[in-house]
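Here is a sequence with its predicted model. Questions after.
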Amino acid sequence: MQPLIHLLKHDVVWKDNRVVPKYCEIIGDIIKLYVEWESRMLNCFLDIQHINIIDDRLDNNVMLSSADQNTKRTCKAQFKVLVTKILHSENRRPVELTHFYDMASSDKMNFHNLWHHPLLMASHERYKFPKNALAILGSVSHWIEDYKSYEKSKYKDERKRNTNIINNIQSSKHHIAFNYVYVHDKDSYEDNVVGVLNYTTKIADHLGEHFTKTHPSKLFAHEIEEALTALFPERLIDLFEFLVVHKNLSVGTIEAVLLVHFDAPKKSPSSSFAY
């Protein structure tokens with residue numbers, strides 16, 4: 001058994017722009033604690049000095065002391081304080097981390113759904129997320145109009161985002177293969193969240209065959225996912241927020257979309273495209 005506060009002095013929490021699986025699991029365990037506590041108390045206090053780790057998982061014997069229960073901080077506010085000490089605020093994926101903190105503080109977000117945030121997804125889950133989400137949205141009436149309206153509402157006070165798909169493609173080191181997919185059905189890819197969703201889903205469906213023609217070496221699925229996220233940094237958080245907050249989909253539906261369960265381990269992808 002090791003205190004989390006001591007582990008954090010030596011552990012690597014981020015690797016290759018990702019929260020490492022160990023800390024995805026630890027944060028998931030913390031989320032489950034807060035799910036329980038939030039259902040029966042308004043305020044709660046749990047900080048890194050209260051947490052012990054056994055076999056890379058949270059010690060199930062973590063309890064709130066009577067003194068801790070006197071805190072005036074809400075469970076959501078305290079969760080953000082705690083998780084910020086684990087993830088910090090400066091890294092190479094600031095868009096998703098900021099969104100994770102925003103969702104953790106939002107009254108519209110419950111802790112169950114927070115576990116499925118893109119920041120905590122494994123690479124293979126991120127890669128499949130758009131395609132699986134489309135399968136769910138296909139049975140939702142007027143989702144295309146709703147998703148466009150969501151985008152306009154969310155970003156109405158900000159400068160126009162760089163959602164010009166073809167311009168973004170040209171900035172990628174994989175632009176030849178990415179453009180090959182784009183030009184074959186470019187009328188389907190409007191410069192908005194729906195177009196980005198359609199385009200990145202098409203990439204997942206067909207990119208292997210195009211890389212065979214344009215690339216001399218193997219490219220793994222997680223590398224394609226990284227390249228797409230570099231082009232469209234908000235693509236997964238927009239989709240997640242639309243599903244969970246705007247469409248108010250249940251935890252069960254989100255689990256079906258991601259093909260994982262609340263306790264499912266986050267494993268590294270093993271698939272790749274052969275050329």
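That came through, no problem.

Distance check, Gly138 against Asn43.
Computed with C-beta to C-beta, to the nearest Å, the distance linking Gly138 and Asn43 is 42 Å. Every residue, glycine included, has its C-beta placed from N, CA and C.

Counting neighbours around each, name which of the two comes out higher.
Asn43 (17 against 8; other C-beta atoms under 10 Å).

who's the more buried one bridged to?
When assigned by DSSP bridges, Asn43 has beta-bridge partners Thr74.

which residues in this structure form strands?
Under the criterion DSSP state E, the chain carries strands at the ranges 2-3, 14-15, 18-19, 52-54, 57-58, 219-220, 272-273.

Now those in JSON lines, please, with extra columns for mean pLDDT and mean neighbour count.
Converted to JSON lines, the strands of the chain look like this (pLDDT from 0 to 100; neighbours: other C-beta atoms under 10 Å):
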{"stretch": "strand 2-3", "mean pLDDT": "88", "mean neighbour count": "14"}
{"stretch": "strand 14-15", "mean pLDDT": "90", "mean neighbour count": "13"}
{"stretch": "strand 18-19", "mean pLDDT": "90", "mean neighbour count": "24"}
{"stretch": "strand 52-54", "mean pLDDT": "91", "mean neighbour count": "15"}
{"stretch": "strand 57-58", "mean pLDDT": "91", "mean neighbour count": "16"}
{"stretch": "strand 219-220", "mean pLDDT": "70", "mean neighbour count": "16"}
{"stretch": "strand 272-273", "mean pLDDT": "32", "mean neighbour count": "16"}
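
in this protein, which residue is closest to the centre?
The central residue of the chain, meaning the one whose C-alpha is nearest the mean C-alpha position (C-alpha atoms, centre = their mean), is Pro118 at 0.6 Å.

Not counting residues beside it along the chain, what's closest to it?
The shortest distance from Pro118 to any residue that is not its chain neighbour, by C-beta to C-beta, 6 or more residues apart in numbering, is 3.9 Å, and that residue is Leu236.
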